[in-house]
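Asker: Provided below are the primary sequence and the corresponding predicted coordinates.
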There are 2 protein chains.
Amino acid sequence: MVDMIADYYEALPDQPRVSPDVQPGFLRGAVPPRAPEQPESFDAVMADVRDKLMPGVVHWQSPSFFAYFPSNYSFPAALADMWSSVLGMVGFSWAAGPVSTELEMAMMDWMADLCGLPQAFKCNGGGGPGGGVIQGTTSEAVVVALLAARARSLAGRPPADKLKLVAYSSDQAHSCFKKACMIVGIDHVRLLPASPQHDWALQPQALQAAIEADVAAGLIPCFVMATIGTTSSCAVDPVAQLAAAAAGSGAWFHVDAAYAGSAALLPEQRHHFCGLEAVDSYSFNPHKWLLTNFDCCCLWVADSAPLKEALSLTPVFLRAAGNSLDYKDWQIPLGRRFRSLKLYFLLRMYGAEFIRAYLRHHIALAAAFAQRVDADPRFELAAPQRFGLVCFRLRDVPREVNAALLAQLNAGGRLFLIHTELAGAYTLRLAVGSASTQLQHVTAAWEAVAAAADVVLEAHAETGQGKEGAKAVAGSAA
Amino acid sequence: MVDMIADYYEALPDQPRVSPDVQPGFLRGAVPPRAPEQPESFDAVMADVRDKLMPGVVHWQSPSFFAYFPSNYSFPAALADMWSSVLGMVGFSWAAGPVSTELEMAMMDWMADLCGLPQAFKCNGGGGPGGGVIQGTTSEAVVVALLAARARSLAGRPPADKLKLVAYSSDQAHSCFKKACMIVGIDHVRLLPASPQHDWALQPQALQAAIEADVAAGLIPCFVMATIGTTSSCAVDPVAQLAAAAAGSGAWFHVDAAYAGSAALLPEQRHHFCGLEAVDSYSFNPHKWLLTNFDCCCLWVADSAPLKEALSLTPVFLRAAGNSLDYKDWQIPLGRRFRSLKLYFLLRMYGAEFIRAYLRHHIALAAAFAQRVDADPRFELAAPQRFGLVCFRLRDVPREVNAALLAQLNAGGRLFLIHTELAGAYTLRLAVGSASTQLQHVTAAWEAVAAAADVVLEAHAETGQGKEGAKAVAGSAA
């Protein structure tokens, strides 16, 4: 298996396709309808993996994977995960896995310092009011933060007041915000519009006005979520100003930096992360861009009491105090893997200096791609390039032409990107961040984009819709 | 790493301690306060793992680990997990990982047939109303089922009716039931008493009476959860009769067989699983007793529509229809590992016949231990031995003596068990199920129990409390 992994990793850049050319149901005939009674050899299973399963794989680790956000794999984290697996230690409480709890506190403190986070977020051995915990995903982190918010908002109020709770975010926030509200049962959800004039960042005045209107209507502001690095365009909400706008409302303030949070390791990117001293909780995913195999989402809170109030079944007077904690009271599930081991192996075997260089490299590659877009008069940048993300499109064409451009690019299979919508405009996203991506892959991606543009623009011209027609269509769509 | 894993596994039976002798904070001086700037070697990291981390490990895979429920590790599942890691494919939608979605449907069907589950639970390639999904843990499966229940209960009702929803279970149900109600925001939670007269199984009359009382009070029955194999005593709720009692109430009926569900692979244990044709959802954890490394919880629903109503952000008319599905709409998180690969490797490399023999072996070992308890007049079985669990205690002694027995047993470190409370009585639990447990380990466990009983009973006699005094104390405690 180790050899096969090494072979796979080495052959990744030469995979004929990054995303597969298969249809729903492709596996149906290839897997027998029932489990076998008798054992089969590892070789037989791996042969089927190679022949039957691999044709349906999206190669997320390919250097030419530019879709979604990256989901990094690294050997240190993989080795740690192997060790975590063999221990099979389900550390829901301190007693069920002492080292799992203790190392998680230590790694969350390491990570807080690496990212320049407020000292209030640190675990300090479990003794402080704040602390950090590893969740599976940002979706879970947001649910947990929202549960803490709800507990704090409802303290001393009648249960029926839960019908009055309001949650606020930008309309650029990740869908997990709305899903968390559905799960927790928050009826009033405000997706405040962000606009291109402010680079898709939520404006404090908009938040303040919404809060005031809700308070005037007898509702209870419960939860505000700001985003550093939105999924669509890597917009950065002004955390400090938003927190000031929400101050006094009683709402819990969470900051989601799922993808971009890794950039906080870089001093020159820290200006995007101002204001965290004023927030209640903050989360980001090392499993995206920080070389930590899925799953690993770091969540910090400045005060863990409301979180435990929402998630602990242990009466307050029985909870472990002072110098220990039970992480089951910080999350939805009971069981949990020994995930901090991945951060321990990663940070020690690579060291912080290398990891910063790695992140800078990706940002520089994205900047190089953005320059190519900017230099080609047929294209426009749809948002400023930030972190590893470039949003771009053919200018002055109907949306169908940009959709055709993406289809043309992905059909070849040599690279994989997805699109987003920005103010109703079809926009392509190129997210640099696969661990093996180098300049040559980004250059090849640009060449593929330029060549595909030739094809779709020619087809567009041939349909009889000239430039004027296209402009008219684009104008009416806008 | 592979060598170290093999060495660890081989040395497991000879570990001097199953649970460690450490205190909170033991790791503080052993991990530097900050992450290193420069890389360190794998050997240096592994040396620290061995010297600093391993002393804080609970050896869940030890053959003498009898605490909680088992959390099995197997090489086929570990190999699959290594491959899943290197792919790093986050298959939240069909498109993001076609093979991840397709294989999960196939494996959930394999597992449904192996367990003799109703055909309505099968995915049938995504085409049916029902289907299966792999969750991380039972806690998540119960939240998901409860969300589906809430969506179905509230359909066509005003939002304020959520204040009237009621959830029912036995007081022997796992704590994740109550936690799920806290998360989803169900205010009315009925933990109906189960008693030793019925071997701790919830009685249908009790459920029916509770439902009728709530309906009469204007409340809305929303969710019933039955358990096959409770944590305390492996009690089996009578699913068919409970479902009949709840029929017509409109409540969603979920069955949690987290640990015992593996036993459904055995025809001779199937009588415990009667009545599943009448329920809405069913879940169990292959990551407990079925040789599948954590995490892997199988959840089936007979109708996925309310689940998607609760968890999908895609409008109904845009949802993938017919021959494909997006598993993000079946769970709380967006991201997900390629976990079905673990079941694929496990079932093929071991085969169903071997796995059934493995389960039977553990049940026989538990029966052997129960016989030893039963044959010793100092002891009593606190509940019938079922599956791999034996609940036992010293008879006619104050609870402190049984607590001392457990403390004495665990202090030596050669084995690890925990206790539970049954009708207020301190009860020891021996859960057989670690993959490497053999008769010799269970025999040694019994010998350790018998020897520890000698010690604590002698100490108890010396305190001056004779048998009569002990009986009086035990009587007043009951």
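Answerer: Received, thanks.

Asker: Tell me the spatial nearest neighbour of residue A:275, not counting adjacent residues.
Answerer: residue A:240 (2.9 Å; C-beta to C-beta, 6 or more residues apart in numbering or on different chains). Using the backbone N, CA and C atoms, a C-beta is placed for each residue, glycine as well.

Asker: average pLDDT across stretch A:83-97?
Answerer: Mean per-residue pLDDT for stretch A:83-97: 93.

Asker: close to chain B, is that stretch?
Answerer: Yes. Shown here: stretch A:83-97 in contact with chain B (C-beta under 8 Å from any C-beta of the partner chain) through A:83, A:85-91, A:94-97.

Asker: swap in stretch A:99-117?
Answerer: Yes. Using C-beta under 8 Å from any C-beta, stretch A:99-117 reaches chain B at A:99, A:102-103, A:106, A:109-111, A:113-114.

Asker: ditto for stretch A:177-193
Answerer: Yes. Contact check for stretch A:177-193 against chain B, using C-beta under 8 Å from any C-beta: residues in range are A:178-179, A:182-185, A:187.

Asker: about what we covered before: is it possible to get CSV of the residues of stretch A:83-97 next to chain B that adds secondary structure?
Answerer: Below are those laid out as CSV (DSSP: H, G, I helix; E, B strand; the rest coil):
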residue, secondary structure
A:83, helix
A:85, helix
A:86, helix
A:87, helix
A:88, coil
A:89, coil
A:90, coil
A:91, coil
A:94, coil
A:95, coil
A:96, coil
A:97, coil
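
Asker: rewinding a little: and the gap between the residue nearest to residue A:275 and chain B?
Answerer: With distances taken as C-beta to the nearest C-beta, to the nearest Å, residue A:240 is found 26 Å from chain B.

Asker: Please give the element, helix or strand, for that residue.
Answerer: Applying DSSP states H and E as the criterion places residue A:240 in helix A:239-246.

Asker: for residue A:411, same thing?
Answerer: helix A:399-412.

Asker: Averaged pLDDT, that helix. What do you get?
Answerer: 95.

Asker: can I get the CA coordinates of that helix in PDB?
Answerer: Output in PDB follows, covering the C-alpha atoms of helix A:399-412 (Å, rounded to 0.1, in the frame of the first residue of the first chain):
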ATOM      1  CA  ARG A 399     -23.000  34.400 -19.600                       C
ATOM      2  CA  GLU A 400     -23.400  31.400 -21.900                       C
ATOM      3  CA  VAL A 401     -20.000  32.100 -23.400                       C
ATOM      4  CA  ASN A 402     -18.300  32.000 -20.000                       C
ATOM      5  CA  ALA A 403     -20.300  28.900 -19.200                       C
ATOM      6  CA  ALA A 404     -19.000  27.400 -22.500                       C
ATOM      7  CA  LEU A 405     -15.500  28.400 -21.600                       C
ATOM      8  CA  LEU A 406     -15.600  26.500 -18.400                       C
ATOM      9  CA  ALA A 407     -17.200  23.500 -20.100                       C
ATOM     10  CA  GLN A 408     -14.500  23.500 -22.800                       C
ATOM     11  CA  LEU A 409     -11.800  23.700 -20.100                       C
ATOM     12  CA  ASN A 410     -13.100  20.900 -18.000                       C
ATOM     13  CA  ALA A 411     -14.000  18.600 -20.900                       C
ATOM     14  CA  GLY A 412     -10.400  18.100 -21.800                       C
END
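
Asker: now the angle between helix A:399-412 and whichever helix or strand comes after it, please.
Answerer: Under the assignment DSSP H and E, the closest C-terminal helix or strand after helix A:399-412 is strand A:418-422. Orientation of strand A:418-422 against helix A:399-412 (axes from the mean of the first three to the mean of the last three C-alpha atoms, to 10 degrees) gives an angle of 160 degrees.

Asker: after strand A:418-422, next one along is what?
Answerer: Immediately after strand A:418-422, counting by DSSP H and E, sits strand A:425-431.

Asker: CA-only coordinates of that next one in PDB, if you can.
Answerer: Output of strand A:425-431 as PDB, limited to C-alpha atoms (Å, rounded to 0.1, in the frame of the first residue of the first chain):
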ATOM      1  CA  ALA A 425     -22.400  37.300 -13.600                       C
ATOM      2  CA  TYR A 426     -21.000  33.800 -14.400                       C
ATOM      3  CA  THR A 427     -17.500  33.900 -13.100                       C
ATOM      4  CA  LEU A 428     -14.700  31.300 -13.300                       C
ATOM      5  CA  ARG A 429     -12.600  30.500 -10.200                       C
ATOM      6  CA  LEU A 430      -9.100  29.300 -10.200                       C
ATOM      7  CA  ALA A 431      -8.000  28.300  -6.700                       C
END
